[in-house]
Structure formats: structure tokens, C-alpha cells
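Undergrad: with the sequence up front, the predicted model follows.
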Amino acid sequence: MSDPRTRNPGTFEMQVQNGDAGIVLRLSGEFDLACEEAFRDRAAQMPSGAEVLIDLRELTFIDSTGIRLIVELWQRSNNDGIDLAILPGPPDVQRVFQITGLDEVLPISNRAADQTEE
């Protein structure tokens, strides 16, 4: 990911890492309506049967659009046999999942952070 000291914290970035453990989709910055098309395009490329980890640790904000897009990918994963896991974000981001109750429904992961490092 880019150096956090030089990145605008509000700028949304999405990086995809393919590895032995599957696909890691790293999101950073603000995940909102402006990101919808880019996320949908990337999510559509996730192959059936893939192991996918959505890493939210570098998000600074998520709104209802971001939540909806994650829920849509989770629903698709159930239909397409994608093994989806979500690595929790910072407290402000995770609070949105808690308020909506999605932290009890979505596959929130407890994977060690070192398993998702480049």
C-alpha cells in the first residue's frame, strides 16, 4: 500500500493481492458512494470458489454504500462458493458494523495481521 504519511487519509484506494492464501482485497481511505463503481467492477472479477479476504484495517470511513457493497459481495459469495472473510477495520469503521448488527452476520475474521502483509 502507499506510504500512509504521504497519502490523503480520505482518498479511497483498493489493492488486490493474489497469493497462496487466496485473494486479499485491501481497502483504505473513505469507502462511500464515490467508490461504488470501482468496487463493483473489482468484486465482479472474483472467481467462483476463490478464498477472498476483505481487509478494512486502513479504512478511515465507511457509509451505507460501502456496507451495502460488502453485503452484496457476501451474498454473492454464498451463491458462488466464494470463501469470504472480512478483516475488521478501526473502531470508527467497525462501529458501523456493530450498530447495524452486521458484525453478527458477516464473516468477520480473526486472522492474524501478519497473514495479510505483502
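TA: Yep, it's here.

Undergrad: let's verify the closest residue to I108 other than its chain neighbours: helix, strand, or coil?
TA: Excluding the flanking residues, the one nearest I108 by CB to CB, 6 or more residues apart in numbering is I86, at 5.2 Å. Yep, even glycine has a C-beta here, placed from its N, CA and C like the rest. At I86 the chain is in strand, as set by DSSP: H, G, I helix; E, B strand; the rest coil.

Undergrad: tell me the pLDDT of I86.
TA: On the pLDDT scale, I86 is placed at 97.

Undergrad: the longest helix along the chain: how far from the chain's middle?
TA: In the chain, with assignment by DSSP state H, the single longest helix is helix 64-80. Taking the mean of its C-alpha atoms, helix 64-80 sits 10 Å from the chain's own mean (CA atoms, centre = their mean, to the nearest Å).

Undergrad: please save the CA atoms from that helix in PDB.
TA: In PDB, the C-alpha atoms belonging to helix 64-80 read as follows (Å, rounded to 0.1, in the frame of the first residue of the first chain):
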ATOM      1  CA  SER A  64     -24.200   2.800   3.900                       C
ATOM      2  CA  THR A  65     -23.000   2.400   0.300                       C
ATOM      3  CA  GLY A  66     -19.800   0.700   1.500                       C
ATOM      4  CA  ILE A  67     -21.700  -1.500   3.800                       C
ATOM      5  CA  ARG A  68     -24.200  -2.400   1.100                       C
ATOM      6  CA  LEU A  69     -21.400  -3.300  -1.300                       C
ATOM      7  CA  ILE A  70     -19.800  -5.600   1.200                       C
ATOM      8  CA  VAL A  71     -23.100  -7.200   1.900                       C
ATOM      9  CA  GLU A  72     -23.700  -7.700  -1.800                       C
ATOM     10  CA  LEU A  73     -20.300  -9.400  -2.200                       C
ATOM     11  CA  TRP A  74     -21.100 -11.600   0.900                       C
ATOM     12  CA  GLN A  75     -24.500 -12.600  -0.700                       C
ATOM     13  CA  ARG A  76     -22.800 -13.400  -4.000                       C
ATOM     14  CA  SER A  77     -20.100 -15.400  -2.100                       C
ATOM     15  CA  ASN A  78     -22.800 -17.600  -0.700                       C
ATOM     16  CA  ASN A  79     -24.200 -18.300  -4.100                       C
ATOM     17  CA  ASP A  80     -20.900 -18.700  -6.000                       C
END
